[in-house]
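Participant: give me the fold of what follows.
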Amino acid sequence: MVFEKYPSKITEDYWVHARPKNSSYKITDNCGKWLVFTYTKDLDETWQKIAKATEKGALGIGAKAATALENPNAANQDVKVICVYTYDSEDKKDVARIAWKLFDLGVAPEVLNYKKDKVTIEGKYAVKGHKKISRYSVSIHHFKDKTEKEFIKFFKEHFE
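Facilitator: Modelled structure (predicted):
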C-alpha cells in the first residue's frame with residue numbers, strides 16, 4: 001500500500017503517489033490540485049492520512065507527496081508539498097468537498113491554495129516570482145463553525 005511509504009525517506013524520486021482503488025471521475029482539461037504545505041518533520045504523518053483517504057476514494061482522483069529528494073521548485077527544503085488532485089477545477093462542489101475533507105482529516109494548513117494543472121504545466125511557481133497562480137484560496141477560519149454542507153455553499157457562492 002502506498003501509504004506505507006514514507007516520503008521523508010525516499011531519495012530516488014521527487015514524488016510518491018496515491019490513487020483511489022475505484023474512481024468514476026474522468027480527468028478533464030480543467031484538473032487541478034489542493035496544495036497542502038507541511039513541515040518535513042510532519043510529512044510522513046500527513047501523507048499517511050492523505051494517502052489512506054485517497055486510496056479509499058474519500059478525496060480526489062489522486063495525490064502525491066514531495067520526497068526527501070531536493071526539488072528545485074521548492075522554496076524551502078524544510079517545507080514539503082502534498083498535492084491532492086481534483087478531476088475538474090470548475091466542479092466547485094467537488095473541489096470544496098475535498099477541501100473540507102482535508103480540514104476534517106486535520107491536515108489543512110492555515111491557508112489552503114488550489115492550483116490548476118495548466119498553470120503548473122506553464123511553469124508558473126510562486127518560488128519563481130509568479131503571482132496570482134492560485135485558482136482558489138481558503139483560510140482555516142472559513143471552515144470553523146461550519147458543517148460540510150455550509151462550507152460547500154459558502155465556497156460555491158464565494159468563488160462564482
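Participant: just the strands in this protein please.
Facilitator: Residue ranges of the strands in the chain, as given by DSSP state E, are 15-18, 32-39, 62-66, 79-86, 111-116, 136-139.
Participant: tell me the most buried of those?
Facilitator: strand 62-66 (a mean of 26; mean count of other CB atoms under 10 Å). Quick note: C-beta positions are derived from backbone N, CA and C, even for glycine.
Participant: can you show me the helices along the chain?
Facilitator: 40-55, 92-105, 117-121, 148-158 (DSSP state H).
Participant: quick one: closest of these to Asn73.
Facilitator: Closest to Asn73 of the helices of the chain, according to CB to CB: helix 117-121, at 9.2 Å.
Participant: out of the helices of the chain, the one nearest Gly62 is which?
Facilitator: Short answer: helix 40-55, nearest of those by CB to CB, at 6.5 Å.
Participant: that closest one to strand 32-39, inter-axis angle?
Facilitator: 150 degrees (axes from the mean of the first three to the mean of the last three CA atoms, to 10 degrees).
Participant: for helix 40-55, buried residues please.
Facilitator: 43-44, 46-55 (16 or more other CB atoms under 10 Å).
Participant: quick check: mean pLDDT of that helix?
Facilitator: What helix 40-55 shows for mean pLDDT is 95.
Participant: any idea which helix or strand in the chain has the lowest mean pLDDT?
Facilitator: Lowest on mean pLDDT, DSSP states H and E among the helices and strands of the chain sits helix 117-121, with a mean of 81.
Participant: just checking, what packs against that one?
Facilitator: strand 32-39 (3 or more CB pairs under 8 Å, 6 or more residues apart in numbering; DSSP states H and E).
Participant: ok, 10 Å please
Facilitator: strand 32-39, strand 79-86 (3 or more CB pairs under 10 Å, 6 or more residues apart in numbering; DSSP states H and E).
Participant: in JSON lines, list those strands along with distance to Lys146.
Facilitator: Listed next are the helices and strands packed on helix 117-121 as JSON lines, based on distance: least, CB to CB, whole Å:
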{"stretch": "strand 32-39", "distance to Lys146": "17"}
{"stretch": "strand 79-86", "distance to Lys146": "20"}
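Participant: can you say which of these is nearest to Ser24?
Facilitator: strand 79-86 (13.7 Å).
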